[in-house]
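Undergrad: structure for the following, please:
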Amino acid sequence: MKGITAALGKGTGITKFVRPISFKVNENSKPSDIADSLLTSNILGEGDIVVIPSKVIAILEKRFVYGLTMENYRQCINNLNFARANLTTPDSDPISEKDVIGLDKLDPEKKIGLRYPKNPNLSCYEIAKRVKDASGLKIDVVVSDSDAGGAKGVKLIGCPTILVTPIGATKGLRLFYCMRVAVAAEAIWNNVENTPIVLAQLYHSVYKTREGVGEFRYDGFLNAHKEPDIISRLQDNS
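TA: Below is the predicted model of the structure:
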C-alpha cells in the first residue's frame with residue numbers, strides 16, 4: 001500500500017519522493033547506458049534508489065529467444081520441456097523454469113521473445129558500480145517484473161508478492177523495501193509513458209546512510225531464503 005501511495009504523491013519514508021526518468025532503448029543500447037543516463041540527469045543523490053523493469057535489462061543484455069509465437073506462447077509459459085523443445089537462444093544458456101514464467105512476446109510476427117536477465121542481482125550491481133566509479137555516489141538498484149502473486153512470487157524469489165516482483169537488487173535494501181519501491185515504480189510505469197526508470201530520492205532521510213548501498217548482494221535472483229528479514233517469517237509459517 002505504501003508503494004502505491006508513493007506513486008500517487010503521498011509517499012512516506014523510503015518512498016517519500018519518487019520520480020520517473022526517461023530512457024529510450026534501441027538496438028545499439030547497452031546496460032551501461034542506464035548508468036550514463038542516470039548520471040546525465042543530474043538529479044542523483046547519495047543513497048538514492050533506482051528501479052528498472054526486468055524487460056529493459058533483458059533487452060539490453062540481449063536475452064532473446066526465438067520461435068515464440070502467439071500460438072505456442074501459452075504452452076511455453078506452462079511447460080518447461082515444451083519451451084526448451086520449441087525455443088532457441090543465441091547462447092548456450094538453457095531456458096530455465098524462471099525464464100518460462102517471465103517469457104515476453106517481444107515481436108510475435110518475427111517469433112522473437114524475451115526472457116529474464118540471467119543474473120538480476122549482478123545486473124543491479126554493475127549499474128550501481130558504474131555510477132559510483134563515475135561520480136562517487138553510492139546508490140541502490142532494483143530490477144522488478146510485473147509477474148507477481150502467490151505461486152509466481154514463490155517460484156521467482158521464494159515468497160508471495162503483490163502487484164510486482166523485485167527479482168534483483170543491490171545490498172542496501174532489505175527485501176521488504178525492494179518490494180515497496182518496486183510497487184511504487186510499477187504504479188508510475190502504468191501511468192506515465194516512456195519512463196522505464198523510477199528514482200526514489202531520499203534527501204535527508206535516515207535511510208541515506210544505510211549499510212551496503214550499491215554493494216553486490218549474491219548471485220542470481222533475489223531469494224527470500226537468503227534474506228534475514230523474511231527468513232523468520234517463513235519459519236513461523238512453516
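
Undergrad: this protein: helices as residue ranges?
TA: Taking DSSP state H, the helices of the chain run over residues 2-7, 32-41, 54-60, 73-78, 80-86, 97-101, 120-135, 150-157, 175-189, 228-236.

Undergrad: what's the domain layout of the protein?
TA: Domain ranges of the chain: 2-59+118-236, 64-114, per automatic domain parsing.

Undergrad: how far away from the center of its chain is the last one?
TA: Meaning domain 64-114. 20 Å (CA atoms, centre = their mean, to the nearest Å).

Undergrad: how deep is residue 92 tucked in, by neighbour count?
TA: Counted with other CB atoms under 10 Å, the neighbours of residue 92 add up to 5. All C-beta atoms are positioned from the backbone trio N, CA, C, and that covers glycine.

Undergrad: kindly apply the preceding question to residue 199 instead.
TA: By the criterion of other CB under 10 Å, residue 199 has 23 neighbours.

Undergrad: where does this protein have low pLDDT?
TA: Scanning the chain for pLDDT under 70 picks out the ranges 1-13, 190-195, 203-206, 230-238.

Undergrad: give me the most central residue, it.
TA: Geometric centre of the chain, nearest residue: residue 143, 1.5 Å, by CA atoms, centre = their mean.

Undergrad: sorry, back to before: tell me which of the helices of the chain lies nearest to residue 207.
TA: Nearest to residue 207, of all those, is helix 175-189, at 8.3 Å by CB to CB.

Undergrad: for residue 92, phi and psi?
TA: Phi and psi for residue 92, reported as degrees, to the nearest 10, are phi -90, psi 0.

Undergrad: for it, give me its contacts.
TA: By CB atoms under 8 Å, 6 or more residues apart in numbering, no residues touch residue 92.

Undergrad: likewise residue 179?
TA: 3, 161-162, 164, 166.

Undergrad: out of the residues you listed, which comes closest to residue 52?
TA: Within the contacts of residue 179, the smallest distance to residue 52 is 10.6 Å, found for residue 166 (CB to CB).

Undergrad: what is the burial count for residue 228?
TA: 8.

Undergrad: what's near enough to touch it?
TA: Counting by CB under 8 Å, 6+ apart, residue 228 touches residue 174.

Undergrad: so how far is residue 212 from it?
TA: 12 Å (CB to CB, to the nearest Å).

Undergrad: show me how far stretch 21-32 is from its chain's centre.
TA: 15 Å.

Undergrad: buried ones in it, by neighbour count?
TA: Buried positions in stretch 21-32, judged by neighbour count with 16 or more other CB atoms under 10 Å: 21, 23, 31.

Undergrad: just the ones of those in strands?
TA: Here DSSP state E is the test, and the buried residues of stretch 21-32 give residue 21 as lying in strands.

Undergrad: make TSV out of the buried residues of stretch 21-32 and add distance to residue 102.
TA: TSV is the format used below for those (distance: CB to CB, whole Å):
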residue	distance to residue 102
21	23
23	20
31	18
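
Undergrad: out of the helices of the chain, deepest packed?
TA: Comparing those by mean neighbour count (mean count of other CB atoms under 10 Å), helix 175-189 ranks first with a mean of 24.

Undergrad: OK, contacts around residue 154?
TA: Contact partners of residue 154, counting by CB under 8 Å, 6+ apart, are residue 160.

Undergrad: that one and residue 146: what is the separation?
TA: 17 Å.
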